[in-house]
Structure formats: structure tokens, C-alpha cells
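Peer 1: No letters, just coordinates:
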């Protein structure tokens, strides 16, 4: 059984920073591509960032490129999302996901490709 627990969300002013963490249980973590998605009220869940099992491939949504950085520490079974220059439009519940096959680029940024999901952490950016 794989469990994902996100943390690090909160309220921040525009221009500020937050660092999200996702702790993953299970020894297979180091083999999983990992992703971050977000869902704002009234909107569909959208891709934010993803990372391959060894960190060699990184993927970002255009809306966060240059501001967000995804990373992982396989020794700690944890994936991170460093978010800088936050904007009110970044307000959403952020979800960590694991278990994509990583067999193609689209498998990284397509939510249905991921088998395991965390419960989400709220990020609110005030203007």
C-alpha cells in the first residue's frame, strides 16, 4: 500500500514563497515518477510539475515555469515543490501523485496516469 501525505501549504502574500512536501510510504518510491497537481474552486484539476524516478526529467506547466521547482530525495521518500513569486492565481488545493509509468512525456502531466494520490494541501495567495 502506497500512501502520500502533503504538507507545507498555507496563506501567503503575493510575491511570497512556500515549499510543499510530499512524504511517501512504501519502498517502491524511488522507482515512481512523481507529480504535483492543483485544483482551484470551480476548476478542473491541472498539472503543475513532475519529476522522473531519478530526477533526470523535469516537467512544468507553462504557468509555473521559472517560479516553481520540483525535486525529490529518494533517501527520504519525499518529493518537494518550491514555489516562489506566488500569485493569487496559484491559489488551489495542491495534490501529490505517484505511480505514473513514466513511459512517455504525456504520462507525466496526465492525471489519470497516476495511481496514487495524497489528500491535498491548501495554498492561498492573497493579493
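Peer 2: Received it, and whenever you're ready, just let me know what you need. Here the structure is a predicted model, which is why all the values come from computation and not from measurement.
Peer 1: Tell me the helix or strand right after the lowest-mean-pLDDT helix or strand in the chain.
Peer 2: Least confident helix or strand of the chain, by mean pLDDT, DSSP states H and E, is helix 105-109 with a mean of 90. Scanning forward in sequence from helix 105-109 by DSSP states H and E, the next helix or strand is strand 116-117.
Peer 1: in its sheet, what does that next one sit against?
Peer 2: In the sheet, strand 116-117 lines up against strand 92-98 (antiparallel) (DSSP bridges).
Peer 1: which residues make contact with the strand it pairs with from outside it?
Peer 2: Contact with strand 92-98 is made by 2, 4, 6, 9, 20, 22, 24, 29, 32-40, 43, 45, 48, 79, 81, 111, 114-123, as judged by Cβ atoms under 8 Å, 6 or more residues apart in numbering. Bear in mind the C-beta positions are built from the backbone N, C-alpha and C, glycine included.
Peer 1: Swap in 6 Å and give it another go.
Peer 2: Outside strand 92-98, the residues that touch it by Cβ atoms under 6 Å, 6 or more residues apart in numbering are 4, 6, 20, 22, 32, 34-35, 37-40, 114, 116-118, 120-123.
Peer 1: All set now, cheers.
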